[in-house]
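>>> Generate a structure from the sequence data that follows.
(one chain, ligands or ions: 1)
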Amino acid sequence: MSAATTEAGPRLRREFEAIFGYPPLESFRAPGRVNLIGEHTDYNNGFVLPIAIDRAVHVAIGRRAQGRSGARNGVSDAQNGVSDAQGRGTAAPARREESIRIVSDHRDERGERLAGQFTAEELVPGALQGWLSHPAGVVDEIAKTTGTAVGGIDLYIESTVPVGAGLSSSHALEVAVLIALDEVYGLGLDEREKVLLTQRAENDFVGAPTGIVDQAASVMTEAGHALFLDCRDLRTRQIPFDLDAEGLRLLVIDTRVSHSHSESGYGDRRRTCEEAAGILGAESLRELDETVDLGPLTGEQRKRVRHVLSENARVRATVELLEGHGGESRCIRGIGELLLASHDSLAHDYEVSCPELDTAVAAATSGGALGARMIGGGFGGSAIALVDSTRVDRVGEAVVAAFADHGYRAPDIFAVSAGEGAGRID
Ligand code: GLA
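Here you go, the predicted structure:
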């Protein structure tokens, strides 16, 4: 696990002490992700190629001494924004000794810090909704996996990963909480165990049937690299991804929309792929390639499978360009076409795009981007655009103008680079 020195360290310690009345033990960070290519392939045991971005969830962790459960300055827990998980207000003192208390720098409509607390024993899947369900899922999985009952813990959380933009802010939160608890309890989990544990927290406790790309990107990626991950056996290769060296920028275009069918759409796609694999006699779509006879499938199944098989091939082709196979020199520029082909396949074969994402990709391309595609689950969230650094403004203006023409809310556009995976903050 790497350690980073950032200005966040002293601030986290200060805030933690101001809130909980004693100094934290340590601080950690876990980044959000952008998947360069390999969308909707992870739960089909396929290939993905994410980068960790230079935006992260930060967490300071402290362990309360016996009997030290009150917050500082004579302020009660409830006044300090620490209510129990169901929002019922301050918990009974005996219970509070065992509780995990979490305070975030994000604020609600009334300007109050988001905060909550729960005990490990009271956790049952589905009992908690919203952001708190992610750290709670991690605590629950730690108990199930290692037999360790987490208790008497305080966490202060800050995040620079935009929420709802499809950059995996909730997975980054899970990873940050897990690596903090792993250190404090000496659990000794390795990277694979961390990835799998946070995925189970998401699948079994939060109840979202997601794959593994988001957690792996946050845990396993090295700075300046993309992570080539085989989701069948979690084998990885770090692929150099130095945008500066080629005078490039990677823009995120956050459409700021999330269409209501995103959750059901994700589950439907996953089911269709599993059914299609069964009909074709395969354990998963990973066992098949583009030469397979899709005849036995329905029209819809055929399109979904075509996307997954062609997307796996595009991930491999992207890796070849980035690594400079066959005597060619490394070339990030060359991946633009593959990004566009990925978007096309996601829009037409997998049908998980939406008008805002299609507009972002088309406008970025007409503004001079080398390639662009939607990222993540789809039906909203963000697209990425690979852009020569001299054209960043032009591409941004083209996207903003196209959104205005369509009457869409203005998008949020910013550059990201390949940051480092999760670790301690010194
Ligand atoms: C979401 C999920 C991931 C992955 C993508 C689509 O981000 O969390 O596991 O399936 O969608 O590639």
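
>>> Going by C-alpha atoms from here, please, whenever you check contacts or count neighbours.
Noted.

>>> Which positions in stretch 382-393 come out as buried?
The neighbour-count check on stretch 382-393 (16 or more other C-alpha atoms under 10 Å) flags Ser382, Ala383, Ile384, Ala385, Leu386, Val387, Asp388, Val392 as buried.

>>> typo on my end, it should be stretch 271-278
Thr272, Cys273, Glu274, Glu275, Ala276, Ala277.

>>> nearest residue to Gly324 other than its sequence neighbours?
Leaving aside its sequence neighbours, Gly324 sits nearest to Arg330 (C-alpha to C-alpha, 6 or more residues apart in numbering; 4.0 Å).

>>> Revised request: answer the last question for Ala143.
Using C-alpha to C-alpha, 6+ apart, the closest residue to Ala143 is Ala149 (5.4 Å).

>>> Check the secondary structure at that neighbour for me.
Counting by DSSP: H, G, I helix; E, B strand; the rest coil, the backbone at Ala149 sits in coil.

>>> Just the residues contacting the helix or strand where Thr365 lies, thanks.
Here Thr365 sits within helix 355-366, counting by DSSP states H and E. For helix 355-366, contacts defined as C-alpha atoms under 8 Å, 6 or more residues apart in numbering pick out 253, 255, 257, 347, 371-374, 380-385, 395-396, 398-399, 402-403, 408.

>>> Could you pull up the mean pLDDT of it?
Helix 355-366 carries an average pLDDT of 98.

>>> for that helix, the distance to its chain's centre please.
Its chain's C-alpha centre and that of helix 355-366 lie 23 Å apart, by C-alpha atoms, centre = their mean, to the nearest Å.

>>> same question, stretch 412-420
14 Å.

>>> What residues of that stretch count as buried?
Of the residues in stretch 412-420, Ile413, Ala415, Val416, Ser417, Ala418, Gly419, Glu420 count as buried by neighbour count, 16+ other C-alpha under 10 Å.

>>> and the ligand, which of those contact it?
Filtering the buried residues of stretch 412-420 for proximity to the ligand by C-alpha under 6 Å from any ligand atom leaves nothing.

>>> Point out the ones among these that are inside strands.
Cross-referencing these against strands under DSSP state E gives Ile413, Ala415, Val416.

>>> Who are the contact partners of the nearest residue to the second one once chain neighbours are set aside?
Distance criterion C-alpha to C-alpha, 6+ apart; nearest residue to Ala415, sequence neighbours excluded, is Leu251 at 4.3 Å. The contact partners of Leu251, by C-alpha under 8 Å, 6+ apart, come to Ile384, Ala385, Leu386, Val387, Ile413, Phe414, Ala415, Val416.

>>> hang on, the earlier thing: what about the ligand: which of the contacts of helix 355-366 touch it?
Within the contacts of helix 355-366, nothing lies near the ligand by C-alpha under 6 Å from any ligand atom.

>>> and which of the contacts of Leu251 is nearest the ligand?
Proximity of these to the ligand, judged by C-alpha to the nearest ligand atom, is greatest for Ile384, which lies at 13.7 Å.

>>> hang on, isn't the closest one packed against Gly336?
No - using C-alpha atoms under 8 Å, Ile384 is not in contact with Gly336; the gap is 10.8 Å.

>>> residues shared between the contacts of those two?
Common contact partners of Ile384 and Gly336 (C-alpha under 8 Å, 6+ apart): Ala372.

>>> one step back: return the closest of the contacts of Leu251 with respect to Ile102.
Relative to Ile102, the closest of the contacts of Leu251 is Val416; by C-alpha to C-alpha it sits at 28.4 Å.

>>> just checking, that closest one touches Ala52?
No - using C-alpha under 8 Å, Val416 is not in contact with Ala52, being 9.3 Å away.

>>> and the longest strand anywhere in the chain, does that touch the ligand?
What stands out as the longest strand in the chain, according to DSSP E, is strand 47-63. No - against the ligand, strand 47-63 shows no contacts by C-alpha under 6 Å from any ligand atom, the least distance being 8.0 Å.

>>> now the angle from that strand to strand 412-416?
Relative orientation of strand 47-63 versus strand 412-416 (axes from the mean of the first three to the mean of the last three C-alpha atoms, to 10 degrees): 90 degrees.

>>> Do me a favour and average the pLDDT over strand 47-63.
In this model, strand 47-63 has a mean pLDDT of 98.

>>> still on that earlier bit, bridge partners for the residue nearest to Ala415, pull those for me.
Beta-bridge partners of Leu251, counted by DSSP bridges, are Ala385, Ala415.

>>> Check what pLDDT it gets.
98.

>>> Ala94 now?
43.

>>> Please, where are all the helices along the protein?
8-20, 93-98, 133-146, 169-184, 191-200, 213-220, 262-279, 299-323, 336-348, 355-366, 392-406 (DSSP state H).

>>> which of those has the lowest average pLDDT?
Taking the mean pLDDT of these, helix 93-98 comes last: a mean of 66.

>>> re the thing from before, tell me the one among the buried residues of stretch 412-420 nearest to Glu109.
Using C-alpha to C-alpha, these come closest to Glu109 at Ile413, 24.5 Å.

>>> For the ligand, see how far away Ala276 is.
17 Å (C-alpha to the nearest ligand atom, to the nearest Å).
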